[in-house]
Every structure is written in C-alpha cells, then in structure tokens.
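# Got a predicted model here, sequence first, then my questions.
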Amino acid sequence: MELFTALGINSTLFMQIAGFLVTFIFLKLVLFDPYFKAYLERSRQTVGQVDEAEKYNLETKTLEEEYAQEARKINQEYKNIYDKVRAEAIKEYDQKVSTAREEAKFELEKSQKKISQAAESAKDEVKKELPQISELITSRLLGKELH
C-alpha cells in the first residue's frame, strides 16, 4: 500500500472508478447505443441504395441508347418514305407539266394554223377586191370616175 501512497493513489480511486463506470454505462445505454444503431441502419440503407442507384443509372443509360437507336431507325424510315413520296410527286409534276406543254404546243400550232388560214383568206379577199380598190383610189386621185 505504501507503493500506492507513494504514487499518490488513495481510497478515492475506487470512487472515481465507480463514478466513471456509472457515467460510462449511462452514456452507453442512453447515447452511444441508439446512435450506433441509427448509424448502422443508415449505413445499411445507404449502401444498398447506392448500389441500387448505380444499377438504375446503368439501366437508364441502356434505355437511352436503345431509344436513340430506335429514334434514328424511325427517322431513317420517315426520311425514306418522304424521299419516296417526294420522288413520286416530282415525277407526277413533270408528267403534268410535259402534258400541259404538249397541249399548249398543240393549241399554239392550231391557233397559228387558224391565223395563217385567216391571213390567206384575207389576202385572197384583198386580191379579189384589189381591182375595185385600185379603181376607187385612182378615181379619187384623178377626181373623176373611170367608167
């Protein structure tokens, strides 16, 4: 005991140890154990959630790629349909325009024939009436009738 007294240890050591143990047990039961349980539960939920979130992210990326491929495929189909319909429309337009040009050419030739026939007919009538017109012009210039 002298050794303990020489080291400065006396009977209050047991009281201090008892106070420490009571305080430690109280804090462990009231504070540390509930906190540690909550920490473990949160860790369990978080770790599982992180893995699940990563899994969902991978699924999302896969779905985005599939969607992009489908969108490109559908756009290509629409483009093919559009090009086909456009080519058909251009072909139909060209046919209608060429038909209209042929009809216009035919009508123009027909009109030119009518005009040239009318001009020939008018020439023939003028030739028939030319002697009378000449006689009339001459008589007016001379101021008297020739017959």
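That came in fine, so what should we check first?
# Now the spatially most central residue of the chain: which helix or strand?
Residue closest to the average C-alpha location in the chain (Cα atoms, centre = their mean): Asn75, at 9.0 Å. When elements are assigned from DSSP states H and E, Asn75 belongs to helix 33-142.
# shaky segments in the chain?
For the chain, the stretches with pLDDT under 70 are 1, 48, 146-147.
# Mind doing that once more with 90?
1-16, 41-55, 124-147 (pLDDT under 90).
# send the alpha carbons of stretch 59-79 over as CSV?
C-alpha atoms of stretch 59-79 as CSV (Å, rounded to 0.1, in the frame of the first residue of the first chain):
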residue,chain,number,x,y,z
GLU,A,59,-30.4,0.7,-66.9
THR,A,60,-31.2,4.4,-67.7
LYS,A,61,-28.1,4.6,-69.9
THR,A,62,-29.0,1.4,-71.7
LEU,A,63,-32.6,2.6,-72.2
GLU,A,64,-31.3,5.9,-73.6
GLU,A,65,-29.1,4.1,-76.1
GLU,A,66,-31.9,1.9,-77.2
TYR,A,67,-34.2,4.9,-77.5
ALA,A,68,-31.6,6.8,-79.6
GLN,A,69,-31.2,3.8,-81.9
GLU,A,70,-35.0,3.4,-82.3
ALA,A,71,-35.3,7.2,-82.9
ARG,A,72,-32.6,7.0,-85.6
LYS,A,73,-34.3,4.0,-87.1
ILE,A,74,-37.7,5.7,-87.2
ASN,A,75,-36.2,8.9,-88.5
GLN,A,76,-34.5,6.9,-91.3
GLU,A,77,-37.8,5.2,-92.1
TYR,A,78,-39.6,8.6,-92.3
LYS,A,79,-36.8,10.0,-94.5
